[in-house]
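Asks: sequence? don't have it. structure:
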Ligand SMILES: [Zn+2]
């Protein structure tokens with residue numbers, strides 16, 4: 001349980017961890033893998049790349065590495081159904097609640113449709129896949145309450161096959177996933193359109209509730225995860241912030257986070273602000289165009305998010321607002337001994353949380369005064385965890 005003293009220690013640790021993030025391993029990984037002709041999910045190069053990534057994860061003490069097999073179905077970009085692989089690296093915590101952090105390592109060339117066309121895929125998406133490795137390297141240095149799962153997805157470019165296989169497996173095996181952080185295309189800070197932004201990364205989230213989720217009043221909620229990421233990052237990263245986008249993904253595009261949202265988990269997608277579309281899915285997605293200072297910042301954001309979630313108690317249950325008409329707002333929940341909860345509130349039109357107040361667990365009840373209840377949205381979470389919103 002999180003005492004105020006341990007909360008202080010965790011904050012210190014988060015600052016220390018942020019300073020541990022370095023570009024070296026990401027450069028090594030992106031350089032090596034983008035020098036392969038391609039990592040098309042149909043090809044033996046995909047398996048070679050997976051083995052390389054698994055070996056990188058095996059170099060990090062404490063991780064349990066698995067090469068996960070699944071079947072990529074016959075489809076427009078898969079001529080024959082075949083068994084393919086992706087990589088999972090688990091850092092076991094004290095609990096079986098999990099936080100998933102990843103990116104995809106497969107690549108594709110959409111101009112030359114032959115399966116052996118050159119497709120370096122340095123930014124799409126070795127940037128996102130490699131930042132997860134860096135987050136793993138740093139987080140594996142200390143013990144966490146909850147379990148972390150680092151994933152290098154495949155089959156993304158053929159139709160999100162790898163993420164769907166893992167999301168379905170997670171559902172079947174009853175995984176308790178608090179959050180999925182998918183980083184896809186997080187290495188480009190300037191477009192050829194003359195636009196530059198080194199200071200933000202977009203966070204795409206689903207409208208809630210979504211199919212299969214437990215809906216409002218639960219934390220299986222992509223949008224609430226996004227709001228939490230923004231809140232948690234405030235003031236923690238010098239010159240770098242998440243930019244929330246309230247849309248499932250970029251227009252007419254898709255990504256691995258959606259596979260998890262569809263199975264009722266909460267997932268978001270990180271993507272750079274200004275993409276250079278002429279390099280994506282071509283032979284020109286090269287390591288020389290990757291801004292590793294930018295990728296480092298994305299890794300730091302993933303790190304502070306995961307670090308907070310990885311030590312958080314579970315979200316409260318049986319959360320409700322007192323329905324009586326009164327000036328004060330009373331929030332009630334089922335208290336769990338020793339847990340500190342945080343009440344959040346915002347104007348109903350504000351996209352982000354604006355205020356918070358920490359409350360003692362014992363009562364299972366908190367009163368917010370001088371806030372006009374009917375103009376306001378409230379939420380409550382365990383400190384460090386994604387809050388439950390009360391609509
Ligand atoms: Zn991608």
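Replies: Structure's in. What do you need? In this text the structure is predicted, and so the values were computed from the model without any measurement.
Asks: which residues touch residue 23?
Replies: Going by C-beta atoms under 8 Å, 6 or more residues apart in numbering, residue 23 touches 292, 293, 295, 296. In this view, the C-beta of every residue, glycine as well, is placed from N, C-alpha and C.
Asks: repeat for residue 151
Replies: Contacts for residue 151 (C-beta under 8 Å, 6+ apart) come out as 86, 87, 88, 89, 100, 101, 102, 132, 166.
Asks: near the ion, which residues of the protein show up?
Replies: Selection of the chain residues close to the ion by C-beta under 5 Å from the ion yields 124, 125, 184.
Asks: okay, now the domains of the protein?
Replies: Domain assignment for the chain by automatic domain parsing gives 4-310, 317-390.
Asks: of those domains, which stretch is the most buried?
Replies: domain 4-310 (a mean of 20; mean count of other C-beta atoms under 10 Å).
Asks: centre of the chain versus that one, how much separation?
Replies: What separates the centre of domain 4-310 from the centre of its chain is 6 Å, taken as C-alpha atoms, centre = their mean, to the nearest Å.
Asks: mean confidence for it?
Replies: Mean pLDDT, domain 4-310: 93.
Asks: ditto for stretch 337-346
Replies: Computed over stretch 337-346, the average pLDDT equals 93.
Asks: please report the distance of the spatially closest residue to residue 30 that is not a sequence neighbour from residue 152.
Replies: Once flanking residues are discounted, residue 30 sits nearest to residue 126: 4.4 Å by C-beta to C-beta, 6 or more residues apart in numbering. Going from residue 126 to residue 152 by C-beta to C-beta, to the nearest Å gives 9 Å.
Asks: joint contacts of these two?
Replies: Common neighbours of residue 126 and residue 152 (C-beta under 8 Å, 6+ apart) are 103, 105.
Asks: including secondary structure, could the contacts of residue 23 go into JSON lines?
Replies: Formatted as JSON lines, the contacts of residue 23 follow (DSSP: H, G, I helix; E, B strand; the rest coil):
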{"residue": "292", "secondary structure": "helix"}
{"residue": "293", "secondary structure": "helix"}
{"residue": "295", "secondary structure": "helix"}
{"residue": "296", "secondary structure": "helix"}
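Asks: hmm, back to that, what secondary structure does the residue nearest to residue 30 sit in?
Replies: Residue 126 - assigned by three-state DSSP - is helix.
Asks: residue contacts, it?
Replies: Counted by C-beta under 8 Å, 6+ apart, residue 126 has contacts 29, 30, 33, 34, 103, 105, 107, 187, 287, 290.
Asks: my guess is the fourth one contacts residue 120. True?
Replies: Which is residue 34. Yes - shown here, residue 34 and residue 120 form a contact pair, counting by C-beta atoms under 8 Å, at 4.1 Å.
Asks: tell me which element the residue nearest to residue 204 when sequence neighbours are not counted is part of?
Replies: Spatial nearest neighbour of residue 204, chain neighbours left out: residue 269 (4.3 Å); criterion: C-beta to C-beta, 6+ apart. Assessed by DSSP states H and E, residue 269 sits inside strand 267-272.
Asks: and that strand, what does it pack onto?
Replies: Contact analysis of strand 267-272 by 3 or more C-beta pairs under 8 Å, 6 or more residues apart in numbering; DSSP states H and E lists strand 176-183, strand 200-204, helix 222-233, helix 256-262, helix 292-310 as its packing neighbours.
Asks: at 6 Å what do you get?
Replies: In this structure, strand 267-272 packs against strand 176-183, strand 200-204, helix 222-233, helix 256-262, with contacts taken as 3 or more C-beta pairs under 6 Å, 6 or more residues apart in numbering; DSSP states H and E.
Asks: turn those into TSV, columns for distance to residue 333.
Replies: TSV is the format used below for those (distance: least, C-beta to C-beta, whole Å):
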stretch	distance to residue 333
strand 176-183	17
strand 200-204	27
helix 222-233	16
helix 256-262	25
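Asks: what's the closest of these to residue 349?
Replies: helix 222-233 (13.8 Å; C-beta to C-beta).
Asks: direction included, what does the following helix or strand past the closest one pair against?
Replies: Of the helices and strands lying after helix 222-233 in sequence (DSSP H and E), the nearest is strand 241-245. Strand 241-245 has the following strand partners under DSSP bridges: strand 200-204 (parallel).
Asks: how long is stretch 338-354 from one end to the other?
Replies: From its first residue to its last, stretch 338-354 covers 26 Å (C-alpha to C-alpha, to the nearest Å).
Asks: any idea how far residue 50 is from residue 308?
Replies: Separation of residue 308 from residue 50 (C-beta to C-beta): 30 Å.
Asks: revised request: answer the last question for residue 335.
Replies: Applying C-beta to C-beta, the value for residue 335 to residue 50 is 45 Å.
Asks: likewise for residue 95?
Replies: For residue 95, the distance to residue 50 - C-beta to C-beta - is 28 Å.
Asks: likewise for residue 336?
Replies: If you go by C-beta to C-beta, the gap between residue 336 and residue 50 works out to 40 Å.
Asks: again, but for residue 382
Replies: Counting by C-beta to C-beta, the gap from residue 382 to residue 50 is 36 Å.
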